[in-house]
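Chemist: no sequence on this one, just coordinates:
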């Protein structure tokens, strides 16, 4: 075994949790999966047995295993913050899916816990590690676009998730658009104000639980640039994740939604397939974000996506929720002493 | 000569006027150019001599020529309405570039004049005749998209026009985005409310004359669908006119910005050229809109883009200007008795 | 009327003939259609009446009309050469569809007739005037590719033409691939030798008349570069005309087969339409070749595609037929005294 | 550790050997790397230490390690056959890079050795496992194309390999085009005859060692369909691997050469990057072929690419060499008793 493999335990073995577990187990050379945990015994057992690693239903089993250096949290959102606090107290590095929590205070407490413990905390904004977005960001950060004028991104699911999921999701902006807020900050800088619009076009039941299924947010960046995010729970044709950044010198467009690069010609038509969901779109990103996490641990450099990044995206998502509710533009107040952001106020 | 060629005079021989004159002269079988007019003698003479048709500096010369059935107005906007009134009074059909006027009342008066005279009045929203947009619209109107959920369009110039032009243009929304308001109505139906955002990122001088160089408008259609328009006076990389309409059953995307369809491969890169302006993008649309105008006259059917369409787009553009100025969402009041629209009020 | 409009008569009003007639009549400012001729009275009359020009069934009527400066020949191939001889004897410039004739001697005689009469003779290799191919050729001729290494082109019809047409067509290489031989010479220079392959895959009846429905020719250019042409009478999915030229410094690829630039997204698929035939692919090329012909006449410069170009392509097509028949590589002997080419010999 | 991980040793740690080693070590869950071997001690040591596995310079060390179930051979071609014979005699399954040998007899002996030993032998035609080609092949094999009419494929390197490499490579067709012969058979069926053309356009030194740097082969399949392969050692602009299969019902085109899916817009131009070599093009294919090999071993099903496939492609490559040399079409004689193919004869 390589001397520098990072020993990892994972908690939460739902769809994405199993993908992370499989990646760690067999597709990421710098990580070694040593234990899997899920509160549902059958889920934990089947995954553990399939991957040939110890399994159990108790998070404590991860914390108590001295050789585990890092934990990956793919549990429901309400468990993220307490688990971060427990894991960091036990000296483990933490990789946590977004969002850390549905409120700012809990998020800040979790970030503080990691800081106090002196361990690393990385948030699962996987898009930053996708080769397409990463390549564009690299050139943007190098200044190849010149001054950014417009940032535009779309995130669309083919069909809405279940109502049960939606009820505890934190809502459209915190659950879904939070990825775009992170991308916006990463590519175009901090946001000064935003205005949100929403609509219920797909399923009336989503309106009944007080949420929207389509949302548009217009951003004004600290630089003066404008931004547009348009997201949908029900685009119908497939999954969409595409981004455009218009600069004074050049413009970058990121889009690729073919499952395979085969063009199929039939009388009068040329067609290609189209990805159906985020798992088809981002298989490499999910592996690469964990590889980068491992490298941050091994090389003792900061993680690429910090808890503060998670907090900043949450603040924007909450501001969007408030903007939609109060039908007004919301200004973001950034308090540098509080890790770069505080709550949104007009 | 074909029996059914429509005899046309044109007034206003600037860049677009000359293109119209040349199309009428030699590229549209159903139109016959019989006289050209421009207030600048040298301009009128050179065009007339080049095309081999009579020329003069007086609009009256068009009106007094009995054989002229229709006039094409490519004059500065303030002259549109009075010229429409004169031409329709003289019994001529009128093709007029957008906008009819910078205010609603004058626009309504011009429309009424054409109605009273019983002649046709068509507005120059050329995009409706571009083969790409027309093909998409046809399928959309046939219902192939199902219920429309999102309309999105971008219009971007490479560089801003001169300040002189901008000063009398009516402003960003009336001069530029009016095309997108027309496309929005045409493809996705009437608009109930809109919210505008603007920024000055390209040239401070544009701010000094009280205008913006970037604008975003979020639309809410009568159907409940959402819309986004993002326009720029200074995209830098080239001219952009692209549209997406997301429906419950299917989505249509319209974009094509290659001057020619040649891919040029050099070490490590595949590139194509990119159109620089609207003239490169829409050569066919400018001819097809006049062909359609001729056909409407010959076959005595209504024109495809009416004065009322021009008015409706103007109302949206003015609502956007007001929304930007007052930083609020503006509701559109549609008064069917007044030709479908009246002024915008919250 | 413009002083420099070239007065044109057209003979042969089949599908392509009518397109030429309509272009000349109303879509090419520098040409004036003054008479149409077809041996079938009904065809001649309906076209003449529709376009409002005199018509008749006798070619002599074109020749005898003193004001006609040029004739456009879209008649069956066997009539091309005699008509060229008559028209040039009458002092008319000639635009003639390919091929001039099915044999070299007749072709040479027609070329000589035009030369003797001192009039212009242009051959209808329309692809040279298509904006895509023309733009690529311009850059290739400027040297931007460096030394050419590989030339590759495909020409495919969706379905075979009628057997009646095929019987008198001159065969696969002379009727169809002749366009590609012209493109090859134009883009990559003279051909030294070629080897042809053929197959009957679409319709056994084509084999019965001694022709093939699929053909591949491998070229060796005088420069040493290689070339591949693959043509099909029955590609099924649509019409294909695409070209690639690989050079030491860069490579150019030309392809565009969308009827309109709309992408249509339905669940799991992104599709665009695909052109069905050459008329959909090359509408502009058919007008531009005649515009260029007019300009050559008006400005007294040589035509862009000469009779000698027609002859050279015929020689290659015949060499391909012989190569296929004799199952061997055929070398091309170019006799500069005979207008650049003579018959093909090994 | 998973019960069904296949324990593997690898011999040959050049560029591709190291990629295989790293994939086996950390990116393929079903394989476990247990030893690496290279005759150059420094190479063996550095790879072994980096991956944390035992290393040595002797192939025997792999054979003698009882727990090793399979060996991966990435050694120079002359060592393939003897190593296959040794490994299979030792009861190991073998994955061997192409070609098995430069001659048919040696190849047949190696295949026979594996058969006698009752172990699996898979050849490294990685393209069969690339998701794009695999998806197209699946639909082709399902019959979605109907009868195949034309198979066309291009393989191009940006720059030629070193002369030293070329001298012992077996020549253009055996070293490079062998991949395309395999793809041709896989997608369009057995080949009845072929005709080869070659040229030296890139580097005169390649001619001096008796090889070509450009090659075209025209194929006639047993089905009657035609095929074209055009390969280049020096395409200049980048790496090309693209395939088209034209059928009576539909056509499939496979191409994708972007390193990342970012379009970069600068004034007047839209560009994307372009892959430089096969490693950039096929990273997933190299991992997937080994995953499939592991699965064949675990599930005791046949491998997807057999030694006989390797032999058949070699026969075609040799036939092409002979065709080029003798300037004639070569017919392939398939002797089913000899594993489907025997040597090529006219």
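Modeler: Happy to help now that I have it. Remember, it's a predicted structure, so these values are computed and weren't measured experimentally. Numbering: from 1, shown residues only, chains lettered A, B, ... in the order given.

Chemist: Up against chain D, what does the stretch 101-250 of chain A have?
Modeler: A:131-132, A:134-136, A:139, A:249-250 (CB under 8 Å from any CB of the partner chain). Every C-beta, even on glycine, is put in place using the N, C-alpha and C of the backbone.

Chemist: Break chain A down into its structural domains.
Modeler: Listed by automatic domain parsing, the domain ranges of chain A are A:6-126+A:286-305, A:128-282+A:308-338.

Chemist: How far does stretch A:4-24 stretch from one end to the other?
Modeler: Length of stretch A:4-24, first residue to last, CA to CA, to the nearest Å: 14 Å.

Chemist: how about the strands in the stretch 101-250 of chain A?
Modeler: A:121-123, A:148-156, A:191-199, A:214-221, A:226-232, A:240-247 (DSSP state E, counting those that start in this stretch).

Chemist: The third one pairs with which strands?
Modeler: Sheet pairing here is set by DSSP bridges, and for strand A:191-199 it gives strand A:214-221 (antiparallel), strand A:330-331 (antiparallel).

Chemist: How about the last one?
Modeler: For strand A:240-247, the paired strands and their directions (DSSP bridges) are strand A:148-156 (antiparallel), strand A:251-254 (antiparallel).

Chemist: Which one of these lies nearest to residue B:41?
Modeler: strand A:148-156 (42.2 Å; CB to CB).

Chemist: how about the residues of the stretch 51-200 of chain A near chain C?
Modeler: residue A:158.

Chemist: that older thread, let's have the strands paired with strand A:191-199 in a markdown table, adding mean pLDDT and mean neighbour count.
Modeler: Output for those, formatted as a markdown table (pLDDT from 0 to 100; neighbours: other CB atoms under 10 Å in any protein chain shown):
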| stretch | mean pLDDT | mean neighbour count |
| --- | --- | --- |
| strand A:214-221 | 98 | 25 |
| strand A:330-331 | 98 | 18 |
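
Chemist: where does residue A:302 land in three-state SS?
Modeler: With DSSP: H, G, I helix; E, B strand; the rest coil as the basis, residue A:302 sits in coil.

Chemist: ok, for it, nearest residue in space, not its chain neighbours?
Modeler: residue A:296 (6.6 Å; CB to CB, 6 or more residues apart in numbering or on different chains).

Chemist: cool, residue A:51 as well?
Modeler: Nearest to residue A:51 is residue A:25, by CB to CB, 6+ apart, at 4.6 Å.

Chemist: In what element of secondary structure is that neighbour found?
Modeler: Using DSSP states H and E, residue A:25 sits within helix A:15-26.

Chemist: Could you list every helix and strand that whichever helix or strand comes after that helix packs against?
Modeler: Using DSSP H and E, the helix or strand that follows helix A:15-26 towards the C-terminus is strand A:31-37. Where contact means 3 or more CB pairs under 8 Å, 6 or more residues apart in numbering or on different chains; DSSP states H and E, strand A:31-37 is packed against strand A:6-11, helix A:15-26, helix A:41-51, strand A:55-56, helix A:59-64, helix A:283-299.

Chemist: In JSON lines, list these along with mean neighbour count.
Modeler: Output for the helices and strands packed on strand A:31-37, formatted as JSON lines (neighbours: other CB atoms under 10 Å in any protein chain shown):
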{"stretch": "strand A:6-11", "mean neighbour count": "25"}
{"stretch": "helix A:15-26", "mean neighbour count": "21"}
{"stretch": "helix A:41-51", "mean neighbour count": "17"}
{"stretch": "strand A:55-56", "mean neighbour count": "20"}
{"stretch": "helix A:59-64", "mean neighbour count": "18"}
{"stretch": "helix A:283-299", "mean neighbour count": "20"}
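
Chemist: Just give me the longest helix of chain A.
Modeler: Ranked by residue count, the top helix of chain A under DSSP state H comes out as helix A:307-326.

Chemist: Could you report the separation of residue A:204 from residue A:113?
Modeler: 41 Å (CB to CB, to the nearest Å).

Chemist: Looking at those two, which one has more neighbours?
Modeler: Neighbour comparison, residue A:204 and residue A:113: the larger count goes to residue A:113, with 21 against 9 (by other CB atoms under 10 Å in any protein chain shown).

Chemist: Distance check, the more buried one against residue A:97.
Modeler: Taking CB to CB, one finds residue A:113 at 17 Å from residue A:97.

Chemist: For chain C, what is the nearest residue in the stretch 1-150 of chain A?
Modeler: residue A:132 (17.1 Å; CB to the nearest CB).

Chemist: Hmm, that residue is touching residue D:261, no?
Modeler: Yes: counting by CB atoms under 8 Å, residue A:132 does reach residue D:261; the two are 4.6 Å apart.

Chemist: Now the common contact residues for those two.
Modeler: A:254, A:256 (CB atoms under 8 Å, 6 or more residues apart in numbering or on different chains).

Chemist: So which of the two has more stuff around it?
Modeler: Using other CB under 10 Å, the more surrounded residue of residue A:132 and residue D:261 is residue A:132, with 24 against 21.

Chemist: Check what pLDDT the more buried one gets.
Modeler: Listed pLDDT for residue A:132 reads 98.

Chemist: residues from the stretch 101-250 of chain A in reach of chain B?
Modeler: With CB under 8 Å from any CB as the criterion, the stretch 101-250 of chain A meets chain B at residues A:146-147, A:149-150, A:152, A:156, A:195, A:197, A:199-202, A:214, A:216, A:218, A:220, A:224-226, A:228, A:230, A:232, A:234-237, A:246-250.

Chemist: what about 6 Å?
Modeler: Contact residues (CB under 6 Å from any CB of the partner chain) of the stretch 101-250 of chain A with chain B: A:149, A:197, A:199, A:201, A:214, A:216, A:218, A:226, A:228, A:230, A:236-237, A:248.

Chemist: How much space separates the residue nearest the centre of chain A from residue A:176?
Modeler: The C-alpha lying nearest the average C-alpha coordinate of chain A belongs to residue A:125 (CA atoms, centre = their mean; 3.0 Å). Per CB to CB, residue A:125 is found 13 Å from residue A:176.

Chemist: okay, which residue of chain A is out on the far edge from center?
Modeler: Farthest-from-centroid check, chain A (CA atoms, centre = their mean): residue A:267, 41.7 Å.

Chemist: excluding its backbone neighbours, what's nearest it?
Modeler: Residue A:267's closest residue in space is residue C:237 (CB to CB, 6+ apart), at 5.8 Å.

Chemist: so how many other residues sit close to that neighbour?
Modeler: 25.
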